[in-house]
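**Q** Sharing a model that was predicted from the sequence below.
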Number of protein chains: 2
Amino acid sequence: MKIEKELRQTKFNNVYHKVALNLMFTNNWLFEGQNKVLKPYSFTQPQYNVLRILRGSPNQALTVNAIIERMLDRMSNVSRLVDKLLEKGYATRSQSSDDRRSVDILISQKGLDILDEIDEQQEIWEKSFTKMDENDAKKLSDLLDKLRER
Amino acid sequence: MKIEKELRQTKFNNVYHKVALNLMFTNNWLFEGQNKVLKPYSFTQPQYNVLRILRGSPNQALTVNAIIERMLDRMSNVSRLVDKLLEKGYATRSQSSDDRRSVDILISQKGLDILDEIDEQQEIWEKSFTKMDENDAKKLSDLLDKLRER
DNA sequence: ACATTTTGAATGTTATTACATTAATTACTG
DNA sequence: CAGTAATTAATGTAATAACATTCAAAATGT
């Protein structure tokens, strides 16, 4: 459905404003879809994203700051978010040896296993969610990069 | 900056996953920028968006459900969100005459004034944020619409 | 070496969100 | 028409996020 129809709005201030609204709306649409995947595993989306980030650094721990750098939404509460992952046994935390202010956070086997499980569902959903071909997807990604240029 | 560099990640599962990440990242980028505009007015983004929706229905009140329909992120807490707008005097609430379950919410003059003020800032920012031309913007919006097709 | 500044992470507090439930009114059905 | 279901909005609650502050450790300057 076109964004005009989704928002019951036919006129926009300008085309850039329309893009901004469409982006936010689409992001939310994506968010809802992903939430449906995550719900059975009682993950919040930030928790899931951080766990993926940890997996992305195999056999090597990341500090809290390193996690924040890699996050989609750089939030302040990563300490407490990591607490949740520890509680569930999906990661471990230990003091860094070279800088005693830092902490090393490492994904556990249990964390890797749950991610594998979710990934299957995630991929099914990701591939179903669009009628775009790969060219369109690439084009879209490039335009998003361009949008952020200034 | 390309998304690969932003996220310090060179490989993605597939092009659709890359698009999804890019979309979420770009949305957050947009969110941060808009937040900077809103901060001096101590609006949250949902509050601002709802006030814009109310303005979009001039001289005509909207029910809570009508607001939800038009929102970018259809959230459940619109009652309390509207409370905030009432507290600040940006809107009024009255019982609907034809259906006594419904309430009519109407933007106030004060609400219109503050929106005008913010809009100036908003527009300055919106026009500065991109090197895209109008064609690119239109193309991007179309691709977002297409992404949501299924 | 010592004082000062900066950095990395955690915590306290308040506001906001998510989720489930409730209360009131309207719509539907036999 | 009575009884049941559906709807509209508000509320209770627990979890999460935002924002500022704190604490320890490291870096820097004199």
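**A** Good, I have the coordinates.
**Q** contacts for the helix ranked longest in chain A?
**A** Looking across chain A with DSSP state H, the single longest helix is helix A:15-38. In this structure, residues lying in contact with helix A:15-38 by C-beta atoms under 8 Å, 6 or more residues apart in numbering or on different chains are A:3, A:6-7, A:12, A:44-45, A:48, A:118, A:121-122, A:125, A:129, A:147, B:20, B:23-24, B:26-27, B:30-31, B:72-74, B:126-127, B:129-130, B:132, B:134, B:137-138, B:140-141, B:144-145, B:147-148. For glycine as for every other residue, the C-beta is placed from the backbone atoms N, C-alpha and C.
**Q** now stretch A:92-102
**A** Applying C-beta under 8 Å, 6+ apart, the external contacts of stretch A:92-102 come out as A:61, A:63-65, A:82, A:86, A:103-106, A:108.
**Q** got the buried residues for that stretch?
**A** Neighbour counts using 16 or more other C-beta atoms under 10 Å in any protein chain shown place A:Ser102 of stretch A:92-102 among the buried residues.
**Q** what does stretch A:54-68 give?
**A** A:54, A:57, A:61-64, A:66-68.
**Q** list the contacts for the residue nearest in space to the middle of chain A?
**A** When chain A is reduced to its mean C-alpha position, the nearest residue by C-alpha atoms, centre = their mean turns out to be A:Asn49, at 4.4 Å. Taking C-beta under 8 Å, 6+ apart as the definition of contact, the neighbours of A:Asn49 are A:71-72.
**Q** Let me see the mean pLDDT of the helix or strand where it lies.
**A** Secondary structure here is read from DSSP states H and E; on that basis A:Asn49 sits in helix A:45-55. Across helix A:45-55, the average pLDDT comes to 95.
**Q** and after it, which helix or strand comes next?
**A** Next in sequence after helix A:45-55, counting helices and strands by DSSP H and E, comes helix A:64-70.
**Q** Is that following helix in proximity to DNA strand C?
**A** Yes: using C-beta under 7 Å from any atom of the strand, we find that helix A:64-70 touches DNA strand C at A:64-66.
**Q** any residue of that helix up close to DNA strand D?
**A** No: judged by C-beta under 7 Å from any atom of the strand, helix A:64-70 stays clear of DNA strand D, getting no closer than 11.4 Å.
**Q** Show me what that helix packs onto, helices and strands only.
**A** Identification of packing neighbours for helix A:64-70 by 3 or more C-beta pairs under 8 Å, 6 or more residues apart in numbering or on different chains; DSSP states H and E yields helix A:45-55, helix A:78-87, strand A:103-107.
**Q** run the last query once more with 7 Å
**A** Counting contacts by 3 or more C-beta pairs under 7 Å, 6 or more residues apart in numbering or on different chains; DSSP states H and E, the secondary-structure elements packed against helix A:64-70 are helix A:45-55, helix A:78-87.
**Q** and DNA strand C, which of those helices is closest to it?
**A** When the helices and strands packed on helix A:64-70 are compared by C-beta to the nearest atom of the strand, helix A:78-87 sits nearest DNA strand C, at 3.0 Å.
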